[in-house]
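Q: please find the sequence and the predicted model below.
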Amino acid sequence: MQYIRFLKAPRFSGNTISALITITSDLGESFMHRDSVVIGTVRYKDGGGAAIARKEFTWKAGMRSLKVEIPVRAGAARGEPVVLQVSTSDSATVDPLLGSGINIMSVWSSPFVLKAGEVGERELVERRLNIGRKMHLSVWEETKNSIALHIWDAGVALVAHMARVLSSTRKPDGPQLGALDTLLQGSQRINVLELGSGCGIVGLALSQLRPNSHVVLSDLPLASEISAKNISSHTEISFCALDWDLPIPLDIAAQRFDLILVADCMYNVDAAPALVNVITTLLRVSPRALLTVAHKHRHESEERFRSLLEVFGIVQVDQALVALGEEDDELETSEIELYTMQLNPEAGG
């Protein structure tokens, strides 16, 4: 999957809105390699997001950035806040996650007014996803160089899986994760912890798809601000700062969890022992909890994480491979591994 990102936030000057975009992989290590039509649409922030102005641009293979300039008629919006949507779709105001899915994720700027020199929050952009059952998921992420607070492929894949499972009363199509799917489709209230949550896309989606849940997002303190923004309209989500190298905060350590989520946390394999220690400690308090991992394979050393879990008696229950976006030999793998694990009851101390 590829992501449209703002390198320079939208700015209004001389009846023109300008911005600088790029189209990259989730970690930003590769750029969109083929020609693609990109559409910039200026929309009202409120009132259904009606379009004020639009213009098409062409992303050419080999590009690393593209300047977007959209003329806006004099007096447009009359001081009301607007957003700039950059997408490969001409009409969609939200990206479809299910069905045919998406290959290039759209981006929405922070709101701004059409006033000379006016810009939105430079460091924040919005992603909008249709997650089924007429539900739209809004997730804010940072545009700064820190990739930790961006949306990553594995998180999107796990959200897509949960959406498939919970969007229908019948057995969903596609890959199955028996234990997780049964837990999600159950009627009982569940207590969920996401480790390394970043901007919180997985936990946010779960809370919206399955209201009878309480979700705790956890990450380093640097994720607290973006998490607070994303959970502000959700009553059953909280955030707790958790550094895997430090003792687990009492707010987490004292709880019993039914589900622990880990999405794309092994890009830094040096952190594996600390993360495994946290998971092992939590499972000793909640021995029946289900650990669900979403992982995009990047290098062989990442398998150390799973091996360490097995050393501590945490065994695999289910596994599935989920294709994200279109198959393309010229792009890095779009296949995401999802697997569930549980503490072996016979495992010692």
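A: Arrived safely, thanks for sending. All of these numbers come straight from a predicted model, not from anything done at the bench.
Q: list of residues touching stretch 176-185?
A: The contact list for stretch 176-185 (CB atoms under 8 Å, 6 or more residues apart in numbering) reads 161-162, 165-166, 172, 190, 209-210, 258-259, 290, 292, 317-320, 338-340, 342. Using the backbone N, CA and C atoms, a C-beta is placed for each residue, glycine as well.
Q: what's the answer for stretch 67-74, then?
A: Stretch 67-74 has contacts (CB under 8 Å, 6+ apart) with 12, 15-21, 38, 40, 42, 52-55, 57, 84, 86, 114.
Q: any chance of a ChimeraX selection covering the buried ones in those residues?
A: In ChimeraX, the members of those classed as buried (16 or more other CB atoms under 10 Å) are selected with the following command:
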select :12,17,18,19,21,38,40,42,52,53,57,84,86,114
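Q: return the set of buried residues in the longest strand along the chain.
A: Counting residues, the longest strand found in the chain (DSSP state E) is strand 2-13. By neighbour count on 16+ other CB under 10 Å, the buried set for strand 2-13 is 2-6, 9-12.
Q: now do that strand, average pLDDT.
A: Mean pLDDT, computed over strand 2-13, is 91.
Q: again with stretch 75-88
A: 87.
Q: can you give me the end-to-end span of that stretch?
A: 27 Å (CA to CA, to the nearest Å).
Q: buried stuff in it?
A: In stretch 75-88, counting by 16+ other CB under 10 Å, buried: 77, 82-88.
Q: cool, stretch 250-270 as well?
A: Under 16+ other CB under 10 Å, the buried positions of stretch 250-270 are 252, 257-267.
Q: re earlier: for the buried residues of strand 2-13, which one is nearest S238?
A: Checking the buried residues of strand 2-13 against S238 by CB to CB gives Y3 as the nearest, at 27.5 Å.
Q: quick one: that closest one and T235, what's the gap?
A: 29 Å (CB to CB, to the nearest Å).
Q: poorly predicted segments of the stretch 201-349 of the chain, please.
A: Residues of the stretch 201-349 of the chain meeting the criterion pLDDT under 70: 325-334, 347-349.
Q: now do the strands in it.
A: Ranges of strands within the stretch 201-349 of the chain are 213-219, 237-241, 259-263, 290-295, 314-323, 335-343, based on DSSP state E, counting those that start in this stretch.
Q: mind putting these into CSV with distance to W140?
A: As requested, the strands of the stretch 201-349 of the chain are exported to CSV (distance: least, CB to CB, whole Å):
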stretch, distance to W140
strand 213-219, 13
strand 237-241, 13
strand 259-263, 17
strand 290-295, 20
strand 314-323, 24
strand 335-343, 23
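Q: one step back: pull out the buried members of the contacts of stretch 176-185.
A: The buried subset of these - by 16+ other CB under 10 Å - is 161-162, 165-166, 172, 190, 209-210, 258-259, 290, 292, 317-318, 320, 338-340, 342.
Q: and the helices in the chain?
A: Ranges of helices within the chain are 153-166, 178-185, 201-209, 224-231, 250-253, 272-285, 303-311, based on DSSP state H.
Q: format those helices as a markdown table; extra columns: distance to R73.
A: Formatted as a markdown table, the helices of the chain follow (distance: least, CB to CB, whole Å):
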| stretch | distance to R73 |
| --- | --- |
| helix 153-166 | 36 |
| helix 178-185 | 48 |
| helix 201-209 | 36 |
| helix 224-231 | 32 |
| helix 250-253 | 52 |
| helix 272-285 | 53 |
| helix 303-311 | 54 |
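Q: before we move on, the earlier item: which of the buried residues of stretch 250-270 lies closest to K229?
A: A263 (19.2 Å).
Q: partners of the closest one in the sheet?
A: Under DSSP bridges, the beta-bridge partners of A263 are A294.
Q: quick check, it in contact with V202.
A: Yes - at 5.1 Å, A263 and V202 qualify as touching, with contact defined as CB atoms under 8 Å.
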